[in-house]
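Peer 1: Below is the sequence, then the predicted model.
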2 protein chains.
Amino acid sequence: MDFDAVKSYLLELQSRIVAQLEKIDGRPFRVVFWDRPMGGGGISCVIEEGQVFERGGVNFSHVHGEKLPSSATASRPELAGRAFEAMGVSVVMHPRNPNIPTVHLNVRFLCAHPRSSEVAPDVWWFGGGMDLTPYYGFEADCVHFHQTCRDALAPFGNEYYPRFKKWCDEYFFIKHRNEPRGIGGIFFDDFNELGFEKSFKLMQSVGDHFLPAYLPIVERCMNTAYGERERDFQAYRRGRYVEFNLVYDRGTLFGLQSGGRAESILISLPPNVKWRYDWKPESKSLEEKLYKEFLIARSWVN
Amino acid sequence: MDFDAVKSYLLELQSRIVAQLEKIDGRPFRVVFWDRPMGGGGISCVIEEGQVFERGGVNFSHVHGEKLPSSATASRPELAGRAFEAMGVSVVMHPRNPNIPTVHLNVRFLCAHPRSSEVAPDVWWFGGGMDLTPYYGFEADCVHFHQTCRDALAPFGNEYYPRFKKWCDEYFFIKHRNEPRGIGGIFFDDFNELGFEKSFKLMQSVGDHFLPAYLPIVERCMNTAYGERERDFQAYRRGRYVEFNLVYDRGTLFGLQSGGRAESILISLPPNVKWRYDWKPESKSLEEKLYKEFLIARSWVN
């Protein structure tokens, strides 16, 4: 297992994504290198008050620690408490224009070392995925995003897209609202079934397909008109993003529990949010259409 | 154990608090009666866009269920999974004027029934507390709030205020920020050490001291001047309230996990919030003063 190759890929992916997002925005990201007191560190690339992106981050981190937090081992509780190494790239972008969806990408590699008293091999796995959260739904954009997700996984077998699409729908679900976070995409975790080299390639393919999945949507929507009504609905819906990330998201909880840098982790939170009691969209409005036609269990590509 | 007496007290407390807050605000609360599909229900009294209160709720709920969620049994994991009954009143008020602090009160009664296969008694306990979260710190208000908390507990013994004050400081702490949520108050849980009657009286005294603790602060601050700068800082600090409630607060997680009504539970979230990357207050500003003189481990009364 070539950990250095994974790290190099992740750093290169981070630079590539930042470069392309800067090009589209016209404003530079802020770059901060940070160390984690308990071991490891990261590079946070952050944009706020950009021309296209109101707030967002492209974070790389590489941390190691004495005890793998329980949030990282949901499906393998026997690994909780092992020493570990984790590296990954996370992207969340909150565009200003409510016609552009919020997007999320994560690709990660984890390795749990045996306890000193144990004779056991390292246990490693890849995880990641990308998903889209529109405020106003445009069918063609959702189809394009899912098609690109499918393309990313096709070289590894036709079973992966439907499997990871379903996993994404299940994972990015706000239970207390009985509502999906957005229109999904793909999600996978604990992934090592293809062996190290091929599993790594699958993760790379997911990372490489992020820009082709998202940039055409940004470009199509970035000059569309919007007003106060749309900004208001965006701020309301951004509340759901906060609810999901702080209550359910394993990556966020893993970061906060493992002593990660709070400002880097919480760059996923939107710049502004409104909560309003028991609000419902007007009948036959575009806001209602989002709920009825987009935030539902739905198949986007064949 | 007279469950009906607890319920009557809680309902009466809710009405009394709503009546007084309506009087000070000038606008009526919205009242919603709701049922919980799995058993029980509640009464939510909510205000939004009031003259004094921008958003807030005074909620009563009485729920019973098959399985006590783990969030309710942090210190007694052996009770997790038992059938239970829970009733309580929760108040969170977010005033519009940033000189008025946000306030929180909770008083609750829980009872865990034995499993049908077990011969064991019911296990019951009271919990609750109140705490204050200022945006701009005024020493006299903090002292008044803590004095009233001390007064609430004094009839039961002098040890309770220091013990519950410390518990509050420890509980309302945002670990990932290494920052207290506010200036504290009192907090207690798993409380049955005085027997049913006296433990119930202690909970009542906490509930009864909420209005005397908070209303004088509202009255003193409600006509003070503020501008965009103060509203902006309030929106930024409100983000911390969201982070605490969604990541750590057992009441919130208990409600969401036990199938409570999301809109009622999340009325504790502020009307508007701003997140800003790595923001720091200006040196010697009032905003810095909040961090340096108020959001610290501090004793407010002798």
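Peer 2: Noted; the coordinates are in hand.

Peer 1: Spell out which residues of chain A are next to chain B.
Peer 2: Residues of chain A found near chain B (CB under 8 Å from any CB of the partner chain) are A:30, A:32, A:46, A:48, A:55, A:57, A:175-177, A:235, A:239, A:242-243, A:246-247, A:253, A:256, A:262-263, A:265-267, A:269-278. Using the backbone N, CA and C atoms, a C-beta is placed for each residue, glycine as well.

Peer 1: mind checking which helix or strand the closest residue to residue A:205 other than its chain neighbours is in?
Peer 2: Closest residue in space to residue A:205, ignoring its immediate chain neighbours: residue A:152 at 4.8 Å, by CB to CB, 6 or more residues apart in numbering or on different chains. In the assignment (DSSP states H and E), residue A:152 maps to helix A:139-153.

Peer 1: Over that helix, what's the mean pLDDT, rounded is fine.
Peer 2: For helix A:139-153, mean pLDDT is 98.

Peer 1: just how off-centre is that helix within its chain?
Peer 2: Mean-position distance between helix A:139-153 and its chain equals 16 Å (CA atoms, centre = their mean, to the nearest Å).

Peer 1: If you count contacts, what does that helix end up packed against?
Peer 2: Helix A:139-153 sits against strand A:123-133, helix A:160-171, strand A:184-191, helix A:195-208, helix A:210-221, with contacts defined as 3 or more CB pairs under 8 Å, 6 or more residues apart in numbering or on different chains; DSSP states H and E.

Peer 1: buried residues in it?
Peer 2: Buried residues in helix A:139-153, counted by 16 or more other CB atoms under 10 Å in any protein chain shown: A:141, A:142, A:144, A:145, A:146, A:147, A:148, A:149, A:150, A:152, A:153.

Peer 1: Okay, helices next: where are they in the stretch 201-302 of chain A?
Peer 2: For the stretch 201-302 of chain A, the helices defined by DSSP state H, counting those that start in this stretch cover A:210-221, A:228-247, A:250-257, A:262-265, A:286-289.

Peer 1: chain center to the second one, what's the gap?
Peer 2: Relative to its parent chain, helix A:228-247 has a centroid offset of 16 Å by CA atoms, centre = their mean.

Peer 1: ok, now the first one?
Peer 2: Here helix A:210-221 is found 15 Å from its chain centre; the criterion is CA atoms, centre = their mean.

Peer 1: residues near the closest residue to chain B within chain A, how many?
Peer 2: In chain A, no residue comes nearer to chain B than residue A:246, which is 3.6 Å away by CB to the nearest CB. Residues near residue A:246, counting by other CB atoms under 10 Å in any protein chain shown, number 21.

Peer 1: With the one 5 residues further on instead?
Peer 2: The criterion is other CB under 10 Å. On that basis, residue A:251 has 20 neighbouring residues.

Peer 1: before we move on, what about residue A:195?
Peer 2: Around residue A:195 there are 9 other residues, counting by other CB under 10 Å.

Peer 1: Quick check: which element contains the residue nearest to residue A:204 when sequence neighbours are not counted?
Peer 2: Residue nearest to residue A:204 in three dimensions, not counting chain neighbours: residue A:9, with 5.8 Å by CB to CB, 6+ apart. Element membership of residue A:9, judged by DSSP H and E, is helix A:3-25.

Peer 1: List the buried residues for stretch A:186-205?
Peer 2: For stretch A:186-205, burial by neighbour count (16+ other CB under 10 Å) applies to A:186-191, A:199-205.

Peer 1: hang on, the residue nearest to residue A:204 packs against residue A:208?
Peer 2: No: applying CB atoms under 8 Å as the test, residue A:9 and residue A:208 come out as separate, 9.5 Å apart.

Peer 1: neighbour-wise, which of the two wins?
Peer 2: Set residue A:9 next to residue A:208 and count neighbours by other CB under 10 Å: residue A:9 wins out with 20 against 14.

Peer 1: quick one: pLDDT of the more buried one?
Peer 2: Confidence at residue A:9, expressed as pLDDT, is 98.

Peer 1: need the contact list for it.
Peer 2: By CB atoms under 8 Å, 6 or more residues apart in numbering or on different chains, the contact set of residue A:9 is A:200, A:204, A:207.

Peer 1: Tell me who's in contact with the first one.
Peer 2: It refers to residue A:200. When contacts are counted by CB under 8 Å, 6+ apart, residue A:200 touches A:5, A:6, A:9, A:109, A:126.

Peer 1: Adjacent strands (with direction) for the helix or strand encompassing the fourth one?
Peer 2: Using DSSP H and E, residue A:109 sits in strand A:102-112. Here the strand partners of strand A:102-112, with direction, are listed using DSSP bridges: strand A:84-95 (antiparallel), strand A:123-133 (antiparallel).

Peer 1: what is the rounded mean pLDDT of the shortest one?
Peer 2: So that's strand A:123-133. Average pLDDT, strand A:123-133: 96.
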